[in-house]
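**Q** pasting the sequence and the predicted coordinates here, then a few questions.
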Amino acid sequence: MKPIFLVANWKSNKTIKEVLEWFSEIKSITADNNKKIIICPPFTTLETTKRLIDENSLPFEIGSQNISAFNQGAYTGEINSTQVKDFANYVIIGHSERRENQKEDDLLLSEKTDRAKEGGLKVIYCIQGAGTVIPENVDVIAYEPVFAIGTGTPDTPENAEKVAKELKKRFQKPFLYGGSVTAENIRSYTSKEEIDGALIGGASLDPHEFGKIINLA
Ligand code: PGA
């Protein structure tokens with residue numbers, strides 16, 4: 001069985017209380033060994049998330065949703081990769097919401113990727129299409145067409161598979177699809193030969209829906 005990545009991107013959602021509630025609903029979940037489930041909470045709940053995963057022996061890993069382009073030092077408001085490494089072993093870089101809202105460009109994203117790798121984090125790198133610039137040293141590629149994010153209009157599994165095939169000629173790395181993934185459609189992506197999992201936003205906020213996704217993927 002191929003490994004299947006299920007990456008929950010909580011974005012700017014959930015207080016500590018809401019994280020406690022989410023885990024109280026999902027704490028008896030089990031998952032097949034081939035599922036790599038990575039929860040990406042906001043920075044403020046990384047510690048709580050890690051504690052709850054450890055206490056409940058859940059088969060989950062942790063990622064952050066962003067990282068500083070700088071190392072430790074005088075960078076007010078930034079959180080660097082060595083700090084994140086206390087809690088997480090993955091980081092999402094290049095999400096289209098950050099490209100759009102924070103004006104993050106290819107150069108900055110490649111610097112973030114380098115800092116993440118130096119700090120020992122694995123990089124889940126988001127691309128918007130086959131033409132997006134991808135740093136060589138990323139670990140996982142997540143194809144997230146902008147029209148599909150949070151809209152309820154996902155790309156077709158056939159098209160996602162086409163993008164996967166094209167990219168895998170250049171990068172022999174796990175390829176994820178993201179954009180309006182739900183329990184209803186997850187299997188249509190993960191059953192494709194070249195698709196190795198999904199990046200899940202809205203549907204991961206609800207523990208029942210996310211639990212279903214884990215079971216069905
Ligand atoms: P969505 O978000 O599942 O809510 O469409 C996916 C993402 O932006 O990572």
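**A** Done, it's in. Note that the structure is a prediction, hence the values are computed from the model and not measured.
**Q** and the helices in the protein?
**A** For the chain, helices defined by DSSP state H occupy the ranges 16-26, 46-55, 81-84, 96-101, 106-118, 157-168, 186-190, 207-216.
**Q** contact residues of the protein facing the ligand?
**A** The chain comes close to the ligand at residues 9, 144, 149-150, 178-181, 199-203, as judged by Cβ under 6 Å from any ligand atom. In short, each C-beta sits where N, CA and C put it, glycine included.
**Q** rerun at 5 Å
**A** Residues of the chain lying close to the ligand by Cβ under 5 Å from any ligand atom are 9, 149-150, 178-180, 199, 201-202.
**Q** burial measure for Ile79, as a count.
**A** A count of nearby residues for Ile79, using other Cβ atoms under 10 Å, gives 14.
**Q** what does Lys35 give?
**A** By other Cβ under 10 Å, 19 other residues sit near Lys35.
**Q** and Ile149, by the same measure?
**A** The burial count for Ile149: 21, using other Cβ under 10 Å.
**Q** show me the contacts for it.
**A** Each residue near Ile149 by Cβ atoms under 8 Å, 6 or more residues apart in numbering is listed here: 96-97, 178-180, 201.
**Q** apply 7 Å and report the result again.
**A** Applying Cβ atoms under 7 Å, 6 or more residues apart in numbering, we find Ile149 in contact with 96, 179, 201.
**Q** buried subset of those residues?
**A** Buried by 16 or more other Cβ atoms under 10 Å: 96, 179, 201, out of those.
**Q** save those residues as a markdown table, and put in pLDDT too.
**A** Output for these, formatted as a markdown table (pLDDT from 0 to 100):
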| residue | pLDDT |
| --- | --- |
| Ser96 | 98 |
| Gly179 | 98 |
| Gly201 | 98 |
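**Q** closest one of those residues to the ligand?
**A** Minimum distance to the ligand across the buried ones among the contacts of Ile149 is 2.3 Å, recorded for Gly201 (Cβ to the nearest ligand atom).
**Q** quick check, the closest one in contact with Ala8.
**A** No. Counting by Cβ atoms under 7 Å, Gly201 does not reach Ala8; the two are 8.2 Å apart.
**Q** burial count for Leu6?
**A** A count of nearby residues for Leu6, using other Cβ under 10 Å, gives 24.
**Q** my read: it touches Asn215, true?
**A** No. Taking contacts as Cβ under 7 Å, Leu6 lies outside contact range of Asn215: 10.5 Å.
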